Structure formats: structure tokens, C-alpha cells
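Novice: Please work out how this folds:
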Amino acid sequence: MPLKLYNTLTKRIEDFEPLNPPEVRMYTCGPTVYDFVHIGNFRTFMFQDIVRRYLLYKGFRLRHVMNITDVEDKIIANARKQGVPIGEYTRKYEQGFLEDMATLKIQRPEVMPRATEHIGSMLELVRRLAERGLTYRGDGSTYYRIAGFPDYGKLSGLDASRQDAGRADRVDEDEYSKENPRDFVLWKAQREGETSWDSTFGPGRPGWHLECSAMSMEYLGETFDIHCGGVDLIFPHHENEIAQSEGATGKPFVRYWLHGAHLIVDGQKMSKSLGNFFTLRDLLERGCDPVALRYLLFSVHYRKQLNFTFEGVEQAEAALRRANDFLLRVREIGDDVEGDSEFPARVEVARRQFEDSMDDDLNTSAALAALFELIRDGNVALEEGRVGAAGRDRILDFFRGANRVFDVFQVEGEQLDDEEILRLIEEREEARRERDFRRADEIRDELTNRGIQLEDTREGTRWKRRG
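Specialist: This next block holds a predicted model:
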């Protein structure tokens, strides 16, 4: 069956048909690097990773862009407190995010542009909007005039005339002068001591919404296939992206909008004041297995709220032990074992159930159910001696395919020896010296996927096996 996705724009599940098959162009909102990323954000990044991986599983060619927001109010304020340039401040957290992605086995997109390196594209977008009469100046800042874009609200379903002005931007409305409280800032006038860039609109810096419109269209074109993010970004961020992009081009911006639901902790919203706020690093320090965390984060359908608990982490660890114990037993079957000639057909039923579930708006929970039903039936068949070499090969092939999407099962079993690990690390270092960062990232991802965790330090690269 074709892949079907729930499109926030149309409010219905639709067959996915890319503009230029088999190519898919996808943009996913990345981190704002003012601190280490918390697990609520990683629930969204995990959903985006499952989208990416399943598109590749389906045979599509993917051009995936994820932005790095490295200029924003909190970044500027925190960098000023520390007395360092914003670039120096953000690099620590950007690197931390990339390391956390690798720990959770989240694949890197093809392009990860920084906002500060695309100011020219943003200013060009503001210029195009100005030519169409969609901007105005106020106290040195440049604003988007929502009244000039009749389709405003089509993503969120909100009536533009009744929107809460206090939600119109990341800053309080009285920080900048607006003709209408519903309007949002495109180019913020420089304030004393702030990082700024020169422009024909005066010295300043980009508004948050402007960044994603400019960078997505620069790398993916004025109309592209998929835009992903958390539900909290539907309004105002994604609504404003549509207004900016379509206001400038007169073309549809994105064809399929996908949004993931929130993560809560022990039934409550995650909050530092409640003591239930966790970064990935916090959870690792508490002894959580990163593979179990990965499993837990995608185990619930992306459009359903996920309740994170430490009991849930333990249950994920137990599920993975059950799966990996089964795969170990399967791998031990000898080539001369005949088994039941009908069992391979049972594996194909599971494969169809897995693919049908994933084709149904990426229903990961149903896909996992298909896997564990096979494990249940397979364990019974193993006890009865009905899984022969043919069944073994069919099972392992199926789990290899599922692992291309989920990447949590120990299908192969063999471990890299120390010599091979050191050889790959040296190859990675050589690639970095040659500025072949794509190859360096591929090697890091390969080691991560095979249970080897890297840590880059001033003294060199350290490694350890994940338990």
C-alpha cells in the first residue's frame, strides 16, 4: 500500500506523493542552541528520524535539511552574561546536540545550516516581501503585515482577526512597535550591546520565523514536500513561515506538514520547578540505556502524547532483552537444520504487518506489535524445533529491514574488535583533516550503530562500548 501521512494543512490522512519522485525534499525544525536539548525536544527529533528512515526504507532519495538556530534572544542574553561572542557560546551546545543525536542513533540530515551563516538569504526574503507591500518599519524594526496575506491561519485553523496578540512572537509585543499586535517581526532593530548585521533595513538581526523560511527555500526550493516539527510550532512559527514564504513567492510553500505530539513526564508537563526536567545527559547519568531511550521515544505513535516514566524505560529495556535473546537463539541455528517449511511464510506475514503499519501514518506502535508477535510465535517454534536455516535467514532479513527504521535490535551479534575500532577512528580523523565531513560523520554513525560511543576531546578521540 502507499505511504499515507496525516497532513496538518488539510487535516486529513493523504497518500504521500512527492513532487519529483523518487526524490523527497524535507525540512525539519532543529534546535535553538542556548542549552543542552531536553528529552521533550528529542521526542520530536526522534519522530523526524523515523520519518527520514522510513522514507529511505521505502526507496525514496532524500534531501533533508535541519536548521541550527544560533541567534535568538536567549542566546544573546546568555552570551552577554558570560562575556563571550554568540558563536563561541553556541558551538558548545551545537556540538552537544550532535553528540546526543549520535548517542540516540538519530541520523544526520544531508544539510544542517546555521542561521548566522544565512543572513544574506534572510535579507533577500525581506526585500521580496517589501516589494509586495507586506512589510513596514517601526522603531527601526521591519514587520510582516498579516492583513496583506488573506490565507493567514490556514495551517493552525485560527482566525487571524481573533488571535491572541501575546502569542504573536517570542518577544513581548511592547518590546517592538507594531501597527497591529497580530503582526510579527522580520528584522529586529539593533539594541545596545547586541550582536547585529548591517542591512538596507538598518543594523539588526533576523526574527526567529524568518530563519526557517529563508534556509528551507535556499536548500529545497520555493515549494518542497515535507516540513516537520512539534505541535507547539504550528502557531505561530509555522503559520508565520507560510505567510513569509508564500507572501514572497506566490507559490505553495510546503505540501505535507507533519507535527509530533508533546512528551510529558509522570503525567505532568516537564518543568524545572517540578524537578522532572531531563536532558539526555541527565538520563545517562542516572544509568538509562540510550538504546532503550530511543525505543521508548518512538514506541508511541508520533501524534499521540508520550508519558515518560522511569518504569517505561525499564519496560523498554526488558522488551529489547526479549527481542535480542530471540535473535541470539535464531542466529545459533545451524545451516543443516531443516525446520518447518511453512515458518518462513509466518515471517512474511509479520513483514507485511510491519510495512502496512508504517504505511499507515507511521504507526510505530502497531509495527512493534507485529515484531513482538513474531517473536512470541518464533519462540514457540524454536522450542518445537520448527525454525530451520531457511526460517533463520528470513527472520534475520526481516529484522535487518526493521532495524533500518528502528535501529534498536542486535541483529548481527558480532562485535567490532579493538583493532577495527581504532582503524575506523583513525580513518575518521583523516577524513576530518581532509575536511571530508560527510565521510567522518558516516564513520561515527557506523560506530554508534555498532555500540561504540565516541567522545572528541582536546587530547583526541576516546571511545567506549555501550552496555
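
Novice: Please count neighbours and contacts with C-alpha atoms only from this point.
Specialist: OK.

Novice: do you know how far the nearest residue to Lys154 once chain neighbours are set aside is from Ala345?
Specialist: The shortest distance from Lys154 to any non-neighbouring residue, by Cα to Cα, 6 or more residues apart in numbering, is to Leu9 (6.9 Å). Applying Cα to Cα, to the nearest Å, the value for Leu9 to Ala345 is 40 Å.

Novice: Between those two, which has more neighbouring residues?
Specialist: Leu9 (17 against 12; other Cα atoms under 10 Å).

Novice: on that earlier part again, you'd agree the residue nearest to Lys154 is up against Trp257?
Specialist: Yes - contact criterion Cα atoms under 8 Å: Leu9 and Trp257 qualify, at 6.1 Å.

Novice: host element of the residue nearest to Lys154?
Specialist: Under the criterion DSSP states H and E, no helix or strand holds Leu9.

Novice: how about the helices of the stretch 151-300 of the chain, start to end?
Specialist: 208-220, 239-249, 280-285, 290-298 (DSSP state H, counting those that start in this stretch).

Novice: Oh, that last question was meant for the stretch 351-467 of the chain, not what I typed.
Specialist: Counting by DSSP H, counting those that start in this stretch, the stretch 351-467 of the chain has helices at residues 364-383, 389-405, 418-433, 437-449.

Novice: Highest mean neighbour count out of the ones you listed?
Specialist: helix 389-405 (a mean of 19; mean count of other Cα atoms under 10 Å).

Novice: Can you name every helix or strand that that one contacts?
Specialist: helix 39-57, helix 310-331, helix 343-359 (3 or more Cα pairs under 8 Å, 6 or more residues apart in numbering; DSSP states H and E).

Novice: Now do the second one: distance to the chain's middle.
Specialist: In this view, helix 310-331 has its centroid 25 Å away from the chain centroid, taken as Cα atoms, centre = their mean, to the nearest Å.

Novice: try stretch 455-467
Specialist: Worked out by Cα atoms, centre = their mean, stretch 455-467 lies 24 Å from the chain centre.

Novice: Also stretch 273-289?
Specialist: 20 Å.

Novice: mean confidence score for it?
Specialist: Mean pLDDT, computed over stretch 273-289, is 93.

Novice: So for stretch 239-251, what gets flagged as buried?
Specialist: 239-248 (16 or more other Cα atoms under 10 Å).

Novice: Check stretch 406-419 too.
Specialist: Buried, per 16+ other Cα under 10 Å, within stretch 406-419: 406-411.

Novice: measure that stretch end to end?
Specialist: From start residue to end residue, stretch 406-419 stretches across 28 Å - Cα to Cα.

Novice: Now that stretch: average pLDDT?
Specialist: Rounded mean pLDDT across stretch 406-419 is 82.

Novice: re the thing from before, so the residue nearest to Lys154 versus Ile234, what's the distance?
Specialist: With Cα to Cα as the criterion, Leu9 and Ile234 are 10 Å apart.

Novice: got it, and Gly250?
Specialist: In terms of Cα to Cα, Gly250 sits 21 Å off from Ile234.

Novice: Could you check how far stretch 78-86 is from the centre of its chain?
Specialist: That offset, for stretch 78-86, works out to 28 Å (Cα atoms, centre = their mean).

Novice: how about that stretch: buried residues?
Specialist: So, applying 16+ other Cα under 10 Å, buried residues of stretch 78-86: 78-80, 86.

Novice: got the end-to-end distance for that stretch?
Specialist: One end of stretch 78-86 to the other measures 9 Å (Cα to Cα).

Novice: Please work out which residues outside stretch 277-293 touch it.
Specialist: 36-39, 100, 103-104, 270-271, 313-314, 316-317, 320, 408, 467 (Cα atoms under 8 Å, 6 or more residues apart in numbering).

Novice: out of those, which are buried?
Specialist: 36-39, 100, 103-104, 270, 313-314, 316-317, 320, 408.

Novice: Out of those residues, name the two that are farthest from one another.
Specialist: Considering Cα to Cα, no two members of the buried ones among the contacts of stretch 277-293 lie farther apart than Phe36 and Leu320, which are separated by 27.2 Å.

Novice: From Val231, how far out is Ser299?
Specialist: 18 Å.

Novice: Look at Thr457 and say how many residues are nearby.
Specialist: For Thr457, using other Cα under 10 Å, the count is 8.

Novice: circling back to that earlier point, overlap in contacts, Leu9 and Ile234.
Specialist: Both Leu9 and Ile234 are contacted by 155-156, under the criterion Cα under 8 Å, 6+ apart.

Novice: Run through the neighbouring helices and strands of the lowest-mean-pLDDT helix or strand in the chain.
Specialist: Counting by mean pLDDT, DSSP states H and E, the weakest-scoring helix or strand in the chain turns out to be helix 437-449, with a mean of 79. On a contact count with 3+ Cα pairs under 8 Å, 6+ apart, helix 437-449 meets helix 86-103, helix 418-433, strand 452-457.

Novice: residues in contact with the longest one?
Specialist: Contacting residues not belonging to helix 86-103 are listed as 31, 33-37, 68, 70-71, 75-76, 79, 107-108, 195, 280-281, 290, 444-445, 448, 453 [Cα under 8 Å, 6+ apart].

Novice: And the helix or strand just after that helix, how far out from the chain middle?
Specialist: Going down the chain from helix 86-103, the next helix or strand is helix 119-131, by DSSP H and E. In this view, helix 119-131 has its centroid 27 Å away from the chain centroid, taken as Cα atoms, centre = their mean.

Novice: quick one: buried residues of helix 119-131?
Specialist: Neighbour-count burial for helix 119-131 [16+ other Cα under 10 Å]: 119, 121-123, 125-130.
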